[in-house]
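K.L.:
Sequence and predicted structure are below.
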Amino acid sequence: MLRQIGKRLATAIPSLIGVIIVTFLLTRVLPGDPAAYFAGPAATPQAIEDIRKSLGLDKSLPEQFVRYLQDLGKGDFGTSLTTGQPVASDIATRLPASAELTLLGLIISMLIAVPLGIAAAVRQGSIIDHVCRIVATAGVSLPVFFTGLLLVYVFYFILGWSPAPLGRLDIFYSAPPHVTGFYLIDSLIAGQFETFRAALSQLILPAATLAIFSLAPITRMTRASMLAVLSSDFVRTARASGLSPRSVIMTYAFRNAMLPVITTLGMVFSFLLGANVLVEKVFAWPGIGSYAIEALIASDFASVQGFVLTMAIMYVLLNLMIDMLYGVIDPRVRLEG
Amino acid sequence: MNSRPDLDSAHIAATDAPAIAMAAAVPPATLSASAPPKQMSILAHARYVISENPVTGIAFGLFLLITICAIFGPWIAPYDPLASNTMSALQAPSAKHWFGTDQLGRDILSRVMVAARLDMAIAVFSVALVFALGGLSGTAAGFFGGWTDRVVGRIADTIMAFPLFVLAMGIVAALGNTVTNIVIATAIINYPLYARVARAEANVRRDAGFVQAARLSGNGEFRILLTQILPNIMPIMVVQMSLTMGYAILNAAGLSFIGLGVRPPTPEWGIMVAEGASFIVSGEWWIAFFPGAALMLAVFCFNLLGDGLRDIVDPQRRT
C-alpha cells in the first residue's frame, strides 16, 4: 500500500515541476520588464533598479530559476505591494475563507447532483430525466457571476431572507477563535451557536452559487455512468437472482457507478477553483480570489504569481487525493498498481 | 465545459465523408414514413437533424440574432451606446428604453446589442487561434508520434495541471491587460482539448488505407499530413470549435467581469454585469440582468449548436 502511495506521489511530480516552470516563465521571459511589474506602476527608475538587483534579475535565466526555487523552498513568495505583507502569509490567512466556500459548494452540489443523476438513469425518459437534462444544459450556460447576482437579488432584495452580500460575517459579530479557520467549524468548537448561524447565513448564497455551477457536470456524469452500469452483466445477474431493485441499485450499481464520478471531480475542481474567484468578487468574500483580483487591478505581480502558484499546487494535490481515493475505493486499481 | 467529457475520449467514430452518409442512412427505428433515402447529402442530413430536434432550430435562430447584432449592432441600436444622459439615469425598463438605462442614463438595450460584436470577436478569434495551433500540433503528434507526440502531450498536460480560469488570469496579468491578451489566454487554456482530439483522430488514421495509398504514390509524410489527414479530421475539429465557443465566451466575460481586458465605457457583456453588480442590492436589477441574460443565451445557443452539429457530423456520439 505504501508503495502504491509512493508511486502516485511520483506521478504528481512532473505536474508540479511544470506548474513551477510556467509560473516562473510567466514573470521572467515575457516581453516587458519584470522589475517594473514587481515595482508597480508608480515606481521611480531607481526603485526599479533596486528591485532588479534584489530579485536577481540582472543574473542569467538559469541562475534566476535556481534562486526562485530556493525562495519557494523557504516559502517565500515575495512581498505584496498592496498590503505590504509577505504574499505567503496573506494567502495563508485568506485561504480558509476560500476553502470553506468551495468545499460547502461542492458538498451541496454532490448532495443534489448524485441522487438526481441516479434517478434520471433509473427512470430513463421520465420527468426526472428531463429535469436532469435541463439542469445539465442550463448549468453549463449560466455565467457563475450572473447566477450569484440573481440569487442576491431574489434572496436579499426581494425576499429579504439572506444578509447583505458583504463578506463572511456580519459586522455585529466577531470571528470565532481561530482553530481551523473555517467559521462554521470554529464557532461550533467554541460553542457560539449564534455566530454559527450568522456565518452560515452569509455562506449559504455564495456556496449555492458554486453548487449550481458544478451541478451540471456531476449530474451528467452520474447519469451516464449509472446508465452504463445498469446495462452491465453483473446487474442483470443480480436482477435475475431476484434481488430487490433497491439493493441492486444501491449496493451493486451505485458503488460501481461512483468510480467515474470521482474521476470527474478532478475536472470539477478545476472549474470550481476558477469560479470561486468570480463568486468571491460578487459576494465581497475575503478569500484568495478577491485578493488576486485586487492585486491584478493594482498590477501587484508578486501577489498574482503567488495566487496562481497556490491554486495550481492545490489543484495538483487535489487530483492526487482523488487518485488515491480511487485506489482505496476500487481494489482493481490497487492490484494493477 | 460541455465538451469536457470528450477530453480523454478514446471513442473514435468513423467520420470520413462516405461514412457520414452511411450512418445517416440508418434511421432510428421510431422513424417510419419519413425515413430518409439510402444515400443522403450532408445538407439533407442537416435538415433532417434540425427537423428532428427543434431545439437546434431555436439555437440556430438565436445564433442568427446574435450574428445580426454583432455585424449591424451600431446601426440598428436605437440609441448611442456611449451617450450618457443624467436626466434619464437608472430608469426601469419601459416602452422608451426596453432594457432600462444605467447609472449614466445610457440605453442598456443599445449597449447589449453593440456589445455582441466585441464578445463574439473575442470568442471567434480565440477559437480560431487555438483551432490552428491545437489542430496542427495535435495532428502532427498523432501522425508522427515519437518526440513530437511527447512534446505536445507534455505541453497539454502542463496546461491541464492548472485550474484553467486561474491560468488565464495569470497569463493576462503577465502579458498585459488588453483585449488581445484575453484572446490569447482563452486560446491557451483551450489548447489541451484541441490538441488531444486532433491527436486521437490523426492517430487512428496514420496507417489507414487512403494514407498508405498516398504514401505508395510517392507523397511525402508532411504532404500526407496536410492533404490527407487534416481534411479528414476537419469535421470533428469544427464540432470541437462550436462546442468550445460557449466556453470561450464565458471565460472572456469572466475575465472582463473581474476587470481585465475590456475597459469602461466600452460596451461588453461581462463588464456591464460588473457595472450593474453594485446596483443589484438596491434593486436596480436591469443593469446587470440584461447583459447577463444576453451572455447566458449566447453560451446556451453555442452549446446547443455544438450538440446539433455533432449529431450531423458524428451521429454515433449522440447522447
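P.N.:
It's in. Residues are numbered from 1 along each chain as shown, chains lettered A, B, ... in the order given.
K.L.:
which residue does chain A bring closest to chain B?
P.N.:
A:Gly274 (2.6 Å; Cβ to the nearest Cβ). (Each C-beta comes from the backbone N, C-alpha and C, glycine too.)
K.L.:
tell me which element that residue falls in.
P.N.:
Per DSSP states H and E, A:Gly274 falls inside helix A:254-282.
K.L.:
Now do the helix or strand just after that helix, average pLDDT.
P.N.:
Note on helix A:254-282: by DSSP H and E, the next helix or strand toward the C-terminus is helix A:288-297. Computed over helix A:288-297, the mean pLDDT rounds to 86.
K.L.:
now helix A:288-297, how far from the chain's geometric center?
P.N.:
16 Å (Cα atoms, centre = their mean, to the nearest Å).
K.L.:
For it, buried residues please.
P.N.:
For helix A:288-297, burial by neighbour count (16 or more other Cβ atoms under 10 Å in any protein chain shown) applies to A:288-296.
K.L.:
do the same with stretch B:147-159
P.N.:
Buried-residue list, stretch B:147-159, by 16+ other Cβ under 10 Å: B:149, B:152-153, B:155-156, B:158-159.
K.L.:
so how far is that stretch off the chain centroid?
P.N.:
Chain-centre distance of stretch B:147-159: 23 Å, with Cα atoms, centre = their mean.
K.L.:
for stretch B:189-197, same thing?
P.N.:
Remark: stretch B:189-197 is offset 13 Å from the chain centroid, using Cα atoms, centre = their mean.
K.L.:
Could you list the residues in contact with it?
P.N.:
Here stretch B:189-197 makes contact (Cβ atoms under 8 Å, 6 or more residues apart in numbering or on different chains) with B:3, B:6-9, B:126-127, B:130-131, B:133-135, B:137-138, B:141, B:152, B:155-157, B:159-160, B:162, B:164-165, B:167-168, B:236-237, B:240, B:244, B:247-248, B:251.
K.L.:
still on that earlier bit, now distance to A:Phe182 too, for the buried residues of helix A:288-297, in TSV please.
P.N.:
Converted to TSV, the buried residues of helix A:288-297 look like this (distance: Cβ to Cβ, whole Å):
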residue	distance to A:Phe182
A:Ile288	15
A:Gly289	17
A:Ser290	18
A:Tyr291	18
A:Ala292	21
A:Ile293	22
A:Glu294	23
A:Ala295	24
A:Leu296	26
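K.L.:
restrict those residues to contacts with chain B.
P.N.:
Subset of those in contact with chain B: A:292-293, A:296, counting by Cβ under 8 Å from any Cβ of the partner chain.
K.L.:
touching chain B at all, stretch A:298-310?
P.N.:
Yes. Using Cβ under 8 Å from any Cβ, stretch A:298-310 comes into contact with chain B via A:301, A:304-305, A:307-308.
K.L.:
Now do that stretch: everything it contacts.
P.N.:
A:19-20, A:23, A:26-27, A:34, A:37-38, A:40-41, A:72, A:77-83, A:87-88, A:90-91, A:95, A:288, A:291-292, A:294-296, B:162, B:166-167, B:169-170, B:173-174.
K.L.:
Counting neighbours, which of those end up buried?
P.N.:
If we count by 16+ other Cβ under 10 Å, these have these buried: A:19-20, A:23, A:26-27, A:34, A:37-38, A:40, A:72, A:77-82, A:87-88, A:90-91, A:95, A:288, A:291-292, A:294-296, B:162, B:166-167, B:169-170, B:173-174.
K.L.:
taking those residues one by one, which sit in strands?
P.N.:
Among the buried ones among the contacts of stretch A:298-310, the subset assigned to strands under DSSP state E is empty.
K.L.:
Going through the contacts of stretch B:189-197, which ones are buried?
P.N.:
Those of these that meet the buried threshold are B:3, B:6, B:126-127, B:130-131, B:133-135, B:137-138, B:141, B:152, B:155-156, B:159-160, B:162, B:164-165, B:167-168, B:236-237, B:240, B:244, B:247-248, B:251, by 16+ other Cβ under 10 Å.
K.L.:
What about chain A: which of those residues touch it?
P.N.:
For chain A, the contacts drawn from those by Cβ under 8 Å from any Cβ are B:160, B:162, B:164-165, B:167-168.
K.L.:
possible to save those residues as JSON lines with pLDDT?
P.N.:
Putting these into JSON lines (pLDDT from 0 to 100) gives the following:
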{"residue": "B:Met160", "pLDDT": "87"}
{"residue": "B:Phe162", "pLDDT": "88"}
{"residue": "B:Leu164", "pLDDT": "88"}
{"residue": "B:Phe165", "pLDDT": "89"}
{"residue": "B:Leu167", "pLDDT": "90"}
{"residue": "B:Ala168", "pLDDT": "91"}
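K.L.:
Which of these fall in helices?
P.N.:
Taking DSSP state H, the ones among these that sit in helices are B:160, B:164-165, B:167-168.
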